[in-house]
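S.K.: Predicted model, plus sequence, below.
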Amino acid sequence: MSADTSTMIERRRNLLGSAYRLFYAEPVHIVRGEGVWLFDADGKQYLDMYNNVPHVGHCHPRVVEAISKQLRILNTHTRYLHENVIELAERLTGKFAAELDNVMFSCTGSEANELALRIARAVSGGTGVVVTDFAYHGNTKAIYEISTEDIPQDEIPDYVVTVPSPDTYRDEFGAEDYAKQVREAIEKLRSRGIQPAAFVIDTIISSGGVITPPARYLKNAAEIIRAAGGLFVADEVQPGFARTGEHFWGYEADDFVPDIVTVGKPMGNGHPLAATIVRSDFVDEFSKHANYFNTFGGNPVSCAAGLAVLDVVEQENLQNNALTVGRHLGDGLTALAATHEAIGDIRGSGFFKAVELVSDRETKTPARELTAKVVNTLRSRGILTGSIGPHDNILKLRPAMVFSQENADFFLEVLDDVLGTAQ
C-alpha cells in the first residue's frame, strides 16, 4: 500500500468516522469510470463485477449528456409542472401491469421503501411487517428495523417478524413449506396484538445469497399477506430494470402483480433517483392521512437521467444482452465447478449471479476465509467483486448491463487461475 493511500485512509477515518467501511484488504482509490471499467489513481483498470448502480455502465455518454443538458436549463422540485417528471412517470408505469398506475419519486431506495411502509400502514390499518432474515432494504430508522442483515436480533421491534430466506442450495423445502412460515409469522404478529401491514422482500433475495425464490413463493406470500389484510411490497432496487435478462422486474418470474413496487439505485445510473410504484386507490387512501413531497425526489435533472437510462436499456437491447451474456457467464462458471471443488453452487440469472464457495461439497460447509482470499486476489488482478451471505462465503456478481462476452471470458480466466492458487 502506497504512502498516499495510507494517508488518505487515515484522513477518511478521522473525518468520516468508524461507521464507514472500505472494500478490500487494500482499498482502491478510484478516480474514473467508463462502461464496465473503473480506474485507480495510478491508472490501473478494474473490471467492475460488483456495482449495480451504474446500470448501463459508468458515465454512459447518453446519461451524462441528458443530465448536463437539463442542468444547464433548470432544476427544481415537483411542485412545479415539468415534462420530464410526467414523461418518466408515464414511461415507468408503462413497464408495469395497468393497476400499478401511480409513481411517487424519491432519491434513494431507503426512502422508497419507507414510503411503501407508510402507504401499506395507511391502507391496511396495521403496523406489522413480515420480512426475510438477513435482508437489506435501506438505512432510515424504519427500514433499518426491517433490514435484518444489519439490525442486531435483540433490537428487532415487536412489529417485525422474520421468515427464513429460501435457500435453494441447502433446503429441500417447497413453496408450500415456505408459505407455512409466512402464515406462522402473521400469527406471531397477531399473538402480540399487532395487525400485519406488509410483507417486504427482494424479489431476488440479494443479501441472503442471490437466491431466486422457488416457483409460487412470491405469489403465495402475496395471497397470504393480502388475506391477512396487508400488502405485498416488492423491492426491485437490485433485480429490476431487466438485470435478470428473463424479465424486466424480478417478481415477473412468479406471474403475479405486487401491491407496491420500489425501485432505486440503477434507475438514475448513479444519479440519486428512486420511486415507489403503487395503485392509485392506495395513494388516495394514503393521501387522506398525509400529503407527499420530496425536495429532490424526481427533480427534472434526476428524471432526465431516468429517461436516458430507459432509452439506453431499450435501444441498446440490454435485456437481451443480460440474458445471452449472462447465460455464457453461467455456462463458464459451471465449467469451472467441474475442476474446482470449492464451487458448491452457482445461481442467479442474467447479470445477477452468485458463486457459493464451500470447503466440503458433501457437508456444504461455508468457506469464509477462502472467499475473502478470492475477493482480494481478484482485486489485485484487476477484477472487483464482493462477498455476501450469512457466512460471507458467496461471490456476488452484478456487472453493468453493457458487460460483454469478452468481459465474461476475462473474468472466467482470472477466476479459474485464482481458485487454482487460493486453496
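M.R.: Yep, that arrived.
S.K.: which SS state does Pro239 fall under?
M.R.: The three-state label given to Pro239 by DSSP: H, G, I helix; E, B strand; the rest coil is coil.
S.K.: For it, list the residues it contacts.
M.R.: With contacts defined as C-beta atoms under 8 Å, 6 or more residues apart in numbering, Pro239 is in contact with Asp202, Thr203, Ile204, Ser206, Trp249, Gly250, Phe352. To be clear about C-beta, it is placed using only N, CA and C from the backbone, and glycine gets the same treatment.
S.K.: Tell me where the model's unsure across the chain.
M.R.: Scanning the chain for pLDDT under 70 picks out the ranges 1-3, 175, 423.
S.K.: can you give me the offset of the longest helix along it from its chain's centre?
M.R.: If you go by DSSP state H, the chain has its longest helix at helix 318-337. When C-alpha coordinates are averaged (C-alpha atoms, centre = their mean, to the nearest Å), helix 318-337 and its chain have centres 19 Å apart.
S.K.: quick one: Asn291 from Ala116, how far?
M.R.: In this structure, Asn291 lies at 17 Å from Ala116, with C-beta to C-beta, to the nearest Å as the measure.
S.K.: And Thr93, by the same measure?
M.R.: Using C-beta to C-beta, one gets 16 Å for the distance from Thr93 to Ala116.
S.K.: Also Val36?
M.R.: Distance, Val36 to Ala116, by C-beta to C-beta: 31 Å.
S.K.: And those two? Which one has more around it.
M.R.: Using other C-beta atoms under 10 Å, the more surrounded residue of Val36 and Ala116 is Ala116, with 28 against 24.
S.K.: In terms of secondary structure, what does the longest helix of the chain contact?
M.R.: Counting by 3 or more C-beta pairs under 8 Å, 6 or more residues apart in numbering; DSSP states H and E, the packing neighbours recorded for helix 318-337 are strand 343-349, strand 352-360, helix 405-422.
S.K.: Dump the ones you listed to JSON lines, plus mean neighbour count and distance to Ala120.
M.R.: Output for the helices and strands packed on helix 318-337, formatted as JSON lines (neighbours: other C-beta atoms under 10 Å; distance: least, C-beta to C-beta, whole Å):
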{"stretch": "strand 343-349", "mean neighbour count": "21", "distance to Ala120": "28"}
{"stretch": "strand 352-360", "mean neighbour count": "22", "distance to Ala120": "26"}
{"stretch": "helix 405-422", "mean neighbour count": "17", "distance to Ala120": "40"}
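S.K.: Ok, which of those comes nearest Val129?
M.R.: Comparing these by their distance to Val129 (C-beta to C-beta), the top pick is strand 352-360, with 24.6 Å.
S.K.: Each with direction, which strands does that closest one pair with?
M.R.: Next to strand 352-360 in the sheet, as set by DSSP bridges, lie strand 343-349 (antiparallel), strand 365-366 (antiparallel), strand 394-397 (antiparallel).
S.K.: got a list of contacts for it?
M.R.: 52, 169, 204, 209-211, 238-239, 243-244, 326, 329-330, 333, 342-348, 364-367, 370-371, 374, 388-389, 393-398.
S.K.: Report the beta-bridge partners for Arg199.
M.R.: Quick fix: residue 199 reads Phe, not Arg. Each beta-bridge partner of Phe199 is listed here, defined by DSSP bridges: Val130, Phe232.
S.K.: All the helices of the stretch 51-200 of the chain, residue numbers only.
M.R.: Secondary structure of the stretch 51-200 of the chain, counting by DSSP state H, counting those that start in this stretch: helices at 61-71, 83-93, 109-124, 141-144, 175-191.
S.K.: Who are the packing partners of the longest one?
M.R.: Spelled out, that is helix 175-191. So helix 175-191, by 3+ C-beta pairs under 8 Å, 6+ apart, packs with strand 128-132, strand 160-163, strand 196-202, helix 217-227.
S.K.: would a markdown table of the helices and strands packed on helix 318-337 with distance to Ala25 be doable?
M.R.: Formatted as a markdown table, these follow (distance: least, C-beta to C-beta, whole Å):
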| stretch | distance to Ala25 |
| --- | --- |
| strand 343-349 | 22 |
| strand 352-360 | 17 |
| helix 405-422 | 14 |
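S.K.: wait, which of the ones you listed is closest to Tyr24?
M.R.: Of all the helices and strands packed on helix 318-337, helix 405-422 sits nearest to Tyr24, with 14.1 Å by C-beta to C-beta.
S.K.: Quick check, central residue of the chain?
M.R.: The chain has Gln238 as the residue nearest its centroid, 2.2 Å off, counting by C-alpha atoms, centre = their mean.
S.K.: Asn291 falls within a helix, correct?
M.R.: No. Judged by three-state DSSP, Asn291 forms no part of a helix; its state is coil.
S.K.: For it, grab phi and psi.
M.R.: phi -90, psi 170 (degrees, to the nearest 10).
S.K.: which ones are touching Ile383?
M.R.: With contacts defined as C-beta under 8 Å, 6+ apart, the neighbours of Ile383 are Tyr46, Leu47, Met49, Phe410, Phe411, Val414, Leu415.
S.K.: what does His137 give?
M.R.: If you count contacts by C-beta under 8 Å, 6+ apart, His137 has them with Gly109, Ser110, Asn113, Val131, Ile143, Ile146, Ser147, Val200, Asp202, Asp235.
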